[in-house]
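Chemist: quick one: sequence and predicted model below, then my questions.
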Amino acid sequence: MLRVLAVDDEVPALSELAYLLRQDARVEHVAMASDGGAALQDMVQMIAAGERLDGVFLDVRMPGLDGLDLARLIGGFPSPPRLIFVSAHDCAVQAFELEAVDYLLKPVRPERLAEAVRRLWAAVAPSTGEEAADVIPVELGGRTKFLAQQDVSHAEAHGDYVRLHTADSTYLVRMSLAALERRWGGSGFIRAHRSTLVNARHVSELRFDAGRVVLQVGSKVLPVSRRHTRQVREQLVRQFRTGPVPAGDLR
């Protein structure tokens, strides 16, 4: 999980950025600083306390110590955090020179910020020793639980929501199935039906049942639409080519 610092001298912009960052399940902690001097002081204190800081979301134009000067100072740290510049002004060249992970233009769009977090996660995950597996926050009895993608056996569309199924429970999240497929499609999730997305790791069998193709996913039998049958078969063969093949006929 990521620990980040957001820096901006405009309080509304800083609050909005911190709010959006906290909505991302990959972000564990968001600290805030309202100017470059305060940010530098906070980072020195974190280092002295042995706290990890993975990234700094940094405004460029600030009074006193501006973002570019602060970035140069950060670059002199023994293990500097990654930089993501956030500005209403075009400073892309300077950002590139300072080896920033990303550069965001204000006003920041949530989907663009999510991409910056993804790039930050990809950049720091090997050094933190954590597997870069995606998680989704779900509400459960007034608490927020972080559900790892590998624990989800399959997902079903429910209007504007998606129901995520695990071995012992189900969770409803506000997201379209198409959006989830875009997010998890490269991680072994297969569209088996217009309303179903299946995690290939949880498929134990593919077979014909009463003239139709079905998948055995845990204790559930899920139908595969004719439209998706060939794609499902090919993806499962690819998925398990270097490992155990499910018990079903995948030839």
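Modeler: The structure has been received and is ready for your questions.

Chemist: do I have it right that Tyr171 meets Leu140?
Modeler: Yes. Contact criterion C-beta atoms under 8 Å: Tyr171 and Leu140 qualify, at 7.1 Å. Yep, even glycine has a C-beta here, placed from its N, CA and C like the rest.

Chemist: higher neighbour count, the two?
Modeler: Comparing Tyr171 with Leu140 by other C-beta atoms under 10 Å, the one with more neighbours is Tyr171, at 19 against 11.

Chemist: secondary structure element for that one?
Modeler: strand 170-173 (DSSP states H and E).

Chemist: okay, now the unreliable bits of the stretch 151-251 of the chain?
Modeler: Along the stretch 151-251 of the chain, the model assigns pLDDT under 70 to residues 238-251.

Chemist: can you list the residue ranges for helices in it?
Modeler: 177-184, 226-240 (DSSP state H, counting those that start in this stretch).

Chemist: who touches the shortest one?
Modeler: Right, the one you point to is helix 177-184. With C-beta atoms under 8 Å, 6 or more residues apart in numbering as the test, helix 177-184 has contacts from 134, 149, 155-157, 162, 189, 191, 195-197.

Chemist: can you do 10 Å?
Modeler: In this structure, residues lying in contact with helix 177-184 by C-beta atoms under 10 Å, 6 or more residues apart in numbering are 111, 114, 118, 134, 136, 149, 152, 155-158, 161-164, 173, 175-176, 185, 189-191, 193-197, 199.

Chemist: in PyMOL, how would I select the buried members of those residues?
Modeler: With 16 or more other C-beta atoms under 10 Å as the criterion, this PyMOL line picks the buried residues out of the contacts of helix 177-184:
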select buried, resi 114+118+136+149+152+155+156+157+162+164+173+175+189+190+191+193+196+197+199
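
Chemist: contact partners for the residue lying closest to Asp160 once chain neighbours are set aside?
Modeler: Nearest-residue entry for Asp160: Arg174, 6.4 Å, with adjacent residues in sequence omitted and distances by C-beta to C-beta, 6 or more residues apart in numbering. By C-beta under 10 Å, 6+ apart, the contact set of Arg174 is 139, 159-162.

Chemist: and whichever helix in the chain runs longest, what's buried?
Modeler: Secondary structure of the chain per DSSP state H: the longest helix is helix 110-128. Judged by neighbour count (16+ other C-beta under 10 Å), helix 110-128 contains these buried residues: 113-114, 116-121, 124-125.

Chemist: lowest-confidence entry in those?
Modeler: Ranked by pLDDT, the buried residues of helix 110-128 bottom out at Ala125 (71).

Chemist: relative to Arg26, how far out is that residue?
Modeler: Ala125 sits 9 Å away from Arg26, going by C-beta to C-beta, to the nearest Å.

Chemist: now Val7: how far from Ala157?
Modeler: Val7 is 40 Å from Ala157, by C-beta to C-beta.

Chemist: if you could redo that for Ser187, that was the one I meant.
Modeler: Using C-beta to C-beta, Ser187 is found at 19 Å from Ala157.

Chemist: who touches the closest residue to Ser153 other than its chain neighbours in this structure?
Modeler: Closest residue to Ser153 apart from its sequence neighbours, by C-beta to C-beta, 6+ apart: His202 at 4.0 Å. Contacts here follow C-beta under 10 Å, 6+ apart; on that basis His202 touches 150-154, 165-167, 188, 215-218, 220.

Chemist: closest one of those residues to His228?
Modeler: Ranked by distance to His228 (C-beta to C-beta), these are led by Leu215 at 10.6 Å.

Chemist: ok, that closest one touching Arg191?
Modeler: No. Counting by C-beta atoms under 10 Å, Leu215 does not reach Arg191; the two are 11.8 Å apart.
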